[in-house]
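In: what would the 3D arrangement of this be:
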Amino acid sequence: MKKWLIPIDGKMIKTFYTARPYETKIGQVIQCISDVKNWEDELKHSTARFVILGVPEDIGVRANLGRAGAHSAFKAMLRSFLSMQDNDFLKSDNILLLGEIEVSDLMENSKKLDTKNKQDIQTLRTFVEELDRRVVAVLKVIFKYNKIPIIIGGGHNNSYPIIRAYTELYSVPINIINCDAHSDLRPMEGRHSGNAFRYAMEEGRIQRYHILGFHEQYTSQSVWEYIQQKPVTYYSYEDMFIREKLSFKEALLNSVDLLGQSPCGIELDMDSITNVPASARTSSGISPIDARKYIYFCSNKLNCVYLHLTEAAPETAHLRADYKTGKLLAYLTCDFIKAIHEKSNAITR
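Out: Numbering: from 1, shown residues only. A predicted model of the protein is given here:
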């Protein structure tokens, strides 16, 4: 069976950073795959606790009639992350940069498809189903060896195969917390970035789904009615920042209390952050600092089994390249790793 992974080896890693005297970059210390044909065996025997995986696609976003560009997030993140310092604040020898999901064939075949054409939309959605199978295959291997994956890039469609991989492997539903301007609970009309959690919920893969910061006027009435019938809890953006029923910090505290210590996936849609280039860029979102606090706090308090940073689009038709987005993704990744390390150290002390 084809494994659907393109590993990143040490030679490739060196293309993402520049070495400097008297400094040690993360790229110089991070673990990687040395034998691409036996990546699963290397993963099994790796001492790394965290595994970084990219999904360089925007097929799911386009299948949801969104703006392309999410394929560029993973490489942008690596340029910043691998150039950061390895030091006492973050020892990166506990991280394995695994590689990226093989999507080049799907991306190439999707280029000729027009989202104004109904048949082309359905074809895109069949491509997403194939992408699901590939993500499930790779994530199952990562979860099987008790690693914590950090998945970067692509659309929010990839949440479904991540959840599916975990729940198929362990035969238990999972909790999800998602900081997002949208609920991604749209109807099951074919797979796309707007209905990952609907598919997972209808298949019994989610125990509790908690949405933080969804925008009320980007939630359809039918989805709103669905939310009220399912094990979905939420704090809307308007509740926190407009009506000020509770602060963002209070919402975070309440959120972790609601979710408890069952296995939990942490999701962050980058379109929830003000002016970050994304498939659905917003002018009224949370701040980058709030996003970092969300990742750190939830990772430190919850029983986290994965992190998914999605929908960032550093390269779009309107913006050639945005390096600040890659740096923000790198910061969020560091915050996640530090939070779990600090939690582990507190338990062992």
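
In: and the residue nearest to Ala68 when sequence neighbours are not counted, what does it touch?
Out: Using C-beta to C-beta, 6 or more residues apart in numbering and skipping residues adjacent in sequence, the residue nearest Ala68 is Asp58, 4.5 Å away. Heads up, the C-betas are built off the backbone N, CA and C, glycines and all. By C-beta atoms under 8 Å, 6 or more residues apart in numbering, the contact list for Asp58 reads Gly66, Ala68, Gly69, Ala70, His71, Met107, Gly154, Gly155, Ser279, Ala313.

In: just put the residues you listed in a markdown table and tack on distance to Met12 and secondary structure.
Out: Shown next, in a markdown table, are the contacts of Asp58 (distance: C-beta to C-beta, whole Å; DSSP: H, G, I helix; E, B strand; the rest coil):
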| residue | distance to Met12 | secondary structure |
| --- | --- | --- |
| Gly66 | 30 | coil |
| Ala68 | 25 | coil |
| Gly69 | 23 | coil |
| Ala70 | 21 | helix |
| His71 | 18 | helix |
| Met107 | 19 | helix |
| Gly154 | 19 | coil |
| Gly155 | 24 | coil |
| Ser279 | 27 | coil |
| Ala313 | 23 | coil |
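
In: among the residues you listed, who's most crowded?
Out: Ala70 (35 neighbours; other C-beta atoms under 10 Å).

In: poorly predicted segments of the protein, please.
Out: 1-2, 316-322, 348-349 (pLDDT under 70).

In: geometric centre of it: which residue is closest?
Out: His308 (1.9 Å; C-alpha atoms, centre = their mean).

In: for that one, give me phi and psi.
Out: phi -130, psi 110 (degrees, to the nearest 10).

In: touching, it and Ile162? I think so.
Out: Yes: His308 lies in contact with Ile162 (C-beta atoms under 8 Å); the separation is 6.1 Å.

In: can you give me the neighbour number for Leu332?
Out: Applying other C-beta under 10 Å, I find that Leu332 has 27 neighbouring residues.

In: tell me which element it falls in.
Out: In this assignment (DSSP states H and E), Leu332 forms part of helix 323-348.

In: where do the strands of the stretch 201-349 of the chain begin and end?
Out: Taking DSSP state E, counting those that start in this stretch as the test, the strands found in the stretch 201-349 of the chain are 206-214, 232-236, 263-269, 303-310.

In: next, format those strands as a markdown table and append distance to Asn117.
Out: Shown next, in a markdown table, are the strands of the stretch 201-349 of the chain (distance: least, C-beta to C-beta, whole Å):
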| stretch | distance to Asn117 |
| --- | --- |
| strand 206-214 | 30 |
| strand 232-236 | 33 |
| strand 263-269 | 27 |
| strand 303-310 | 26 |
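
In: of those, which is nearest Gln122?
Out: Nearest to Gln122, of all those, is strand 303-310, at 22.9 Å by C-beta to C-beta.

In: just list what that closest one packs against, helices and strands only.
Out: Applying 3 or more C-beta pairs under 8 Å, 6 or more residues apart in numbering; DSSP states H and E, one finds that strand 303-310 contacts strand 148-152, helix 159-170, strand 263-269, helix 288-301, helix 323-348.

In: 7 Å instead?
Out: Helices and strands touching strand 303-310, by 3 or more C-beta pairs under 7 Å, 6 or more residues apart in numbering; DSSP states H and E, are strand 148-152, helix 159-170, strand 263-269, helix 323-348.

In: leaving out chain neighbours, which residue sits closest to Arg205?
Out: Per C-beta to C-beta, 6+ apart, closest to Arg205 is Thr167, 4.4 Å.

In: let me fix that: Tyr218
Out: His182 (5.6 Å).

In: does that neighbour touch Glu216 like I think?
Out: No: contact status for His182 versus Glu216: not in contact, 10.9 Å apart, counting by C-beta atoms under 7 Å.

In: compare these two (neighbour count), which wins?
Out: Taking other C-beta under 10 Å, His182 and Glu216 do not tie; His182 has more neighbours (23 against 11).

In: re earlier: which stretch among the strands of the stretch 201-349 of the chain comes nearest Pro149?
Out: Nearest of these to Pro149, taken as C-beta to C-beta: strand 303-310 at 4.9 Å.
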